[in-house]
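1. Predicted model, plus sequence, below.
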Amino acid sequence: MVPSTEMISRHEDVAVDFPTHAEQTAKRLAELAAIVECSDDAILSKDLNGIITSWNNAARRIFGYSSEEIIGQSILKLIPPHLHGDEKLIIENIRAGRRIEHFETVRLTKRGVPIDVSLTISPIKNEAGKIIGASKILRDISSKKRIEASLVQAEKIAATGRMAATIAHEINNPLEAVINLLYLLRPKILDSEGLSYLDAAESELARVAHIAKQTLGYYREHAAATRSSLSQLAEHAITIYQPRCSATNIQIEKHIEPTAAIVLRKGEIMQVISNLLTNSIYALPAGGNLRITVKDTRERETGVLLTIADNGSGIAEENLPHIFEAFFTTRSTIGTGIGLFIAKQFVEGHGGKIRVETSTAPESHGTVVSVFFPLHTAYESAAPISR
C-alpha cells in the first residue's frame, strides 16, 4: 500500500530524540561513579608520584579520612613506615603496565591503627594510552585474618591437648617414685623445720602431677570445690617460693589479712598464685621487691582481692594486649606462654576477674596483677554443705 500524503505528514510531525555519544558516555560515567561510591571496598586513585587523586565513601569509612583531608596527600600517609619500600615496587609495576592482584599487606587508619588489607592495583591510562596513575581497590581483611589466627591458635591448642595425656603419663611414673622416696625419708627427719620442708615438697610434687593434667585447661579439676581461705592459700604459696626469692635477693612484702571463706577449687587457685609469683620472680633477675596483698573488698563488688606487684622492668605496651593468649611469651629460653592463659581460664571459671597494670617508665616501673573473686563464686551451688 502506498502511504497517503496525510500519513507522511503525520510521521513528519513526530520528533524522535536519540542520545548523543557524549550523553551516553556521561551516563556511563555517572553509573560508574555511583558504583564506586556505593562499593563496600575502598576505591581510590593516585598519580605516578603517589599523590591521592580520588577517594570513595568506603575509603572514608575504613580509614577515617574525608576526601577533603586526603586528596592531594601522599599515599605514604596510609602506609606504615616499615612498609614504605613496598610503594616504590608498586609504582614500578604500574609504570610497566602490570596489574597487582590480591596483595595482602597492612595500612594505617587516621588514628594510627594498623589494619590488614588486600589490594588490587591497576594502571590508569589517558586517551593516548599513556599510563598516568593507578586505581586501587582495597578490602579490609582484618576479620578474616583474626579468624585465620584463631584457627591456627585452635589447632595449636588441640595439638597440645593431644600431647597432654601422654606427658601426664610419662611424668607421673617418676613423680610417684620420688614421692615414695620422700615417704621413706620422713622417719629420718627429726626436726620440725625439716618436716615442714618435706611436707611442702610432697605437696608441690602432687601439684606438679596435677598441673600436667591441667595443661591448657583440657583437664579441669574434678575435686569438689570447697569453702576456702584465699589468705591461707597465698601464705602456703609464699612458703614454697620464699627460699627461691631469698636466693635471688628478692624481698617479699606481705599484707595478708584474714578474708572471707569463699568456694574455690584449691588446686586451680594455687596454680594461679604460683604462676603469678613465678612471673614476678622472672621479672626480677637482679633482685627487687615483690608485694603480695590479700584482703576483703567492696570497692566495686563484694569479694576477695589478691594483688601481686613487682618493681621489675614492666611489660612493653605492644605486648600487653597479648599476655593472656596461649603460647605468647617474651622469654626466649624459658616459659611456654600458657601460664597466664590458664590462670585467666581458672579465675574466670570461678566468676572472677584478672587485671594487669604495668609501667616501663625509668622512674616508676613494674607490674601489678589483681585477681578478684566474688563472695559467691560460680562453684558455690555445687560445693558440699559445711556443718
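-> Right, received. Where do you want to start? Numbers count the residues shown, from 1 in each chain.
2. Okay, buried residues for stretch 72-85 please.
-> Along stretch 72-85, these residues count as buried under the neighbour rule (16 or more other Cβ atoms under 10 Å): 75, 78-79. Just so you know, the C-beta spots here come from the backbone N, C-alpha and C atoms, and that holds for glycine as well.
3. Quick one: those as CSV, columns for distance to Phe373, secondary structure and pLDDT too.
-> Converted to CSV, the buried residues of stretch 72-85 look like this (distance: Cβ to Cβ, whole Å; DSSP: H, G, I helix; E, B strand; the rest coil; pLDDT from 0 to 100):
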residue, distance to Phe373, secondary structure, pLDDT
Ile75, 52, helix, 95
Leu78, 46, helix, 96
Ile79, 47, coil, 95
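4. Pick out whichever of those sits closest to Ile141.
-> Leu78 (15.3 Å; Cβ to Cβ).
5. My guess is the closest one contacts Arg107. True?
-> Yes: with contacts counted by Cβ atoms under 8 Å, Leu78 reaches Arg107, the gap being 4.9 Å.
6. joint contacts of the two?
-> Counting by Cβ atoms under 8 Å, 6 or more residues apart in numbering, the residues touching both Leu78 and Arg107 are Phe63.
7. pLDDT on the helix or strand containing Glu37, on average?
-> Using DSSP states H and E, Glu37 sits in helix 21-38. For helix 21-38, the mean per-residue pLDDT is 67.
8. For the chain, which segments are assigned as strands?
-> 42-47, 52-55, 100-108, 114-125, 131-140, 226-228, 250-256, 262-264, 288-297, 303-310, 353-361, 364-374 (DSSP state E).
9. Point out the most buried one among these.
-> Among the strands of the chain, ranked by average contacts under mean count of other Cβ atoms under 10 Å, first place goes to strand 262-264 (a mean of 24).
10. Show me how far that strand is from its chain's centre.
-> Mean-position distance between strand 262-264 and its chain equals 29 Å (Cα atoms, centre = their mean, to the nearest Å).
11. so what does it touch, helix or strand wise?
-> Contact here means 3 or more Cβ pairs under 8 Å, 6 or more residues apart in numbering; DSSP states H and E; on that basis strand 262-264 packs against strand 226-228, helix 230-247, strand 364-374.
12. who touches that strand?
-> For strand 262-264, the external contacting residues (Cβ under 8 Å, 6+ apart) are 225-228, 230, 233, 303-304, 350, 373-377, 379-380, 383.
13. Sheet partners, orientation included, of it?
-> Sheet pairing of strand 262-264 (DSSP bridges) gives strand 226-228 (antiparallel).
14. domains for the protein, by residue range?
-> Following automatic domain parsing, one gets these domains for the chain: 28-140, 142-219, 224-387.
15. residue nearest the centroid of this protein?
-> In the chain, the residue lying closest to the centroid (Cα atoms, centre = their mean) is His322, at 4.2 Å.
16. Ignoring the adjacent residues along the chain, who's closest to it?
-> Residue nearest to His322 in three dimensions, not counting chain neighbours: Phe328, with 4.6 Å by Cβ to Cβ, 6 or more residues apart in numbering.
17. likewise Asp86?
-> Using Cβ to Cβ, 6+ apart and skipping residues adjacent in sequence, the residue nearest Asp86 is Thr105, 6.5 Å away.
18. Please tell me I have it right and that neighbour contacts Ile115.
-> No: using Cβ under 8 Å, Thr105 makes no contact with Ile115, being 10.0 Å away.
19. Can you show me the helices along the stretch 151-300 of the chain?
-> Along the stretch 151-300 of the chain, the stretches classed as helices by DSSP state H, counting those that start in this stretch are 192-214, 230-247, 266-282.
20. tell me the most buried of those?
-> helix 266-282 (a mean of 21).
21. Any idea which helix or strand in this protein has the lowest mean pLDDT?
-> Least confident element among the helices and strands of the chain, by mean pLDDT, DSSP states H and E: helix 5-12 (a mean of 48).
22. For Ser313, give me phi and psi.
-> With angles defined as degrees, to the nearest 10, Ser313 sits at phi -70, psi -10.
23. how close does the closest residue to it other than its chain neighbours get to Ser280?
-> In space, Ser313 comes closest to His365 once its chain neighbours are excluded; the distance is 5.7 Å by Cβ to Cβ, 6+ apart. Going from His365 to Ser280 by Cβ to Cβ, to the nearest Å gives 13 Å.
24. Could you name every residue contacting both of the two?
-> Gly312.
25. quick one on the thing from earlier: who wins for proximity to Glu317 among the strands of the chain?
-> Nearest to Glu317, of the strands of the chain and by Cβ to Cβ, is strand 353-361 at 7.4 Å.
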